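Undergrad: I'll drop the sequence and a predicted model, then ask my questions.
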Amino acid sequence: MPKIVDHDARRREIAQALWALLRREGPAAVTLRRVAAEAGWSLGAVRHYFASHDALLVHAMELVITRVGERIAALGPDPDPVAILEETLPLDDERRAEAQVWLAFTAVALSDPDLRALRDRTHVALRGLCVRVAGGDAARGELLHAAVDGLALHALLDPAVTAPDRQRALLRAAVARAQEA
């Protein structure tokens, strides 16, 4: 009798290994070989599901999108705009790993047309959220979007200066300014 393989379960196992490696060592450590070792699988088995490093990076970015979306959904039907945007900032280890993936993915997508669609989708979604928080005003929403992206980048580059409490305070100020009439 042939072995029945649950391919979705296998992808989840690889994703768990990928995420563990990301959290522990950052995006630079994510290679097919390292993910295979982390999962306890052969390189060939991982390549069956992810043919390239870019495919792994796309999967990591899709995981980020899913995780952020789940946290935002858990905030309830009418959440505070600051709370929503906080979910995109590197305020803890989990979100720091997500922000590292976002930064690495964005950098690669700048020169890879195959990755641009996903990058553009995430960019448009966050910009749309910021415009909604700004009461529909596109210019104020774009400024808020720039502030959110800037906060995330600064927190990754200099976490001691842009600690979570400082990120929250700056985000509250940016949201308040975006909502001014």
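TA: On my side now, so go ahead. Numbering: from 1, shown residues only.

Undergrad: report the buried residues of the helix or strand of the chain with the lowest mean pLDDT.
TA: When the helices and strands of the chain are scored by mean pLDDT, DSSP states H and E, helix 7-25 comes last with a mean of 85. Counting neighbours by 16 or more other Cβ atoms under 10 Å, one finds that the buried residues in helix 7-25 are 10, 13, 14, 15, 17, 18, 19, 21, 22. C-beta here means a position set from N, CA and C on the backbone, and glycine is covered the same way.

Undergrad: stretch 143-151 now?
TA: Residues 143, 144, 145, 147, 148, 149, 151 are the ones in stretch 143-151 that count as buried (16+ other Cβ under 10 Å).

Undergrad: let me have these in JSON lines, extended by distance to residue 167, secondary structure and pLDDT.
TA: Below are those laid out as JSON lines (distance: Cβ to Cβ, whole Å; DSSP: H, G, I helix; E, B strand; the rest coil; pLDDT from 0 to 100):
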{"residue": "143", "distance to residue 167": "17", "secondary structure": "helix", "pLDDT": "97"}
{"residue": "144", "distance to residue 167": "14", "secondary structure": "helix", "pLDDT": "98"}
{"residue": "145", "distance to residue 167": "15", "secondary structure": "helix", "pLDDT": "98"}
{"residue": "147", "distance to residue 167": "11", "secondary structure": "helix", "pLDDT": "97"}
{"residue": "148", "distance to residue 167": "10", "secondary structure": "helix", "pLDDT": "98"}
{"residue": "149", "distance to residue 167": "12", "secondary structure": "helix", "pLDDT": "96"}
{"residue": "151", "distance to residue 167": "5", "secondary structure": "helix", "pLDDT": "96"}
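
Undergrad: circling back to that earlier point, helices or strands next to the least confident helix or strand of the chain in the packing?
TA: helix 32-39, helix 43-49, helix 53-73, helix 93-109 (3 or more Cβ pairs under 8 Å, 6 or more residues apart in numbering; DSSP states H and E).

Undergrad: contact partners for the nearest residue to residue 170 once chain neighbours are set aside?
TA: Counting by Cβ to Cβ, 6 or more residues apart in numbering, residue 170 lies nearest to residue 151, which is 5.8 Å off, once chain neighbours are set aside. The neighbours of residue 151, taking Cβ atoms under 8 Å, 6 or more residues apart in numbering as the test, are 89, 162, 167, 170, 171, 174.
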